[in-house]
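Asker: Structure, please.
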Amino acid sequence: MGEWKGTAQAVTANKPPTGITSTLGRAEITQVFCEKLSLDKKTASNVLETLVDSLVDRFKQGKSLKIQGLGTFAVHEKKSRPGLNPKTKEKVTVPSRRVVRMRPSPTLQKRLNDDV
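Answerer: As a prediction, the model looks like this:
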């Protein structure tokens with residue numbers, strides 16, 4: 001963890017080079033759980049899977065989630081709307097769907113901007 005993939009540029013202070021993005025995947029999160037919580041890999045993986053399942057179940061019920069110091073996650077309904085197939089330029093209807101939106105907490109915003 002801590003390495004940015006997909007570039008040969010030097011990386012300083014664990015920040016990605018401009019224009020390069022990186023994702024934190026399940027394997028990296030599991031590794032963090034192993035290191036920080038002194039868990040074996042299987043237990044750490046189960047902890048992560050339980051967390052994700054709990055979040056999905058809550059969101060399926062339409063309930064929001066507030067994690068102190070991180071932010072509020074809420075389910076929103078997007079209505080169906082007209083769209084355009086970019087390949088064929090054919091008009092299509094984009095179906096309605098539920099999405100999760102996150103509003104960061106002031107604490108997270110402050111921690112994020114203190115390093116600037």
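
Asker: Are we agreed that D53 is in a helix?
Answerer: Yes: judged by DSSP: H, G, I helix; E, B strand; the rest coil, D53 forms part of a helix.

Asker: for the nearest residue to K63 once chain neighbours are set aside, helix, strand, or coil?
Answerer: Of all residues not flanking K63 in the chain, V75 sits nearest, at 7.5 Å (C-beta to C-beta, 6 or more residues apart in numbering). From N, CA and C alone the C-beta is placed, and that goes for glycine too. Put simply, V75 is strand when judged by three-state DSSP.

Asker: Would you mind writing the CA trace of the helix or strand where F33 lies as PDB?
Answerer: Here F33, judged by DSSP states H and E, is contained in helix 26-37. Output of helix 26-37 as PDB, limited to C-alpha atoms (Å, rounded to 0.1, in the frame of the first residue of the first chain):
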ATOM      1  CA  ARG A  26     -10.500  -4.700  -1.000                       C
ATOM      2  CA  ALA A  27      -7.000  -6.300  -0.900                       C
ATOM      3  CA  GLU A  28      -5.400  -3.100   0.400                       C
ATOM      4  CA  ILE A  29      -8.200  -2.500   2.900                       C
ATOM      5  CA  THR A  30      -7.800  -6.100   4.100                       C
ATOM      6  CA  GLN A  31      -4.100  -5.500   4.500                       C
ATOM      7  CA  VAL A  32      -4.600  -2.400   6.500                       C
ATOM      8  CA  PHE A  33      -7.000  -4.300   8.800                       C
ATOM      9  CA  CYS A  34      -4.300  -7.000   9.200                       C
ATOM     10  CA  GLU A  35      -1.600  -4.500  10.100                       C
ATOM     11  CA  LYS A  36      -3.600  -2.100  12.300                       C
ATOM     12  CA  LEU A  37      -5.800  -4.600  14.100                       C
END
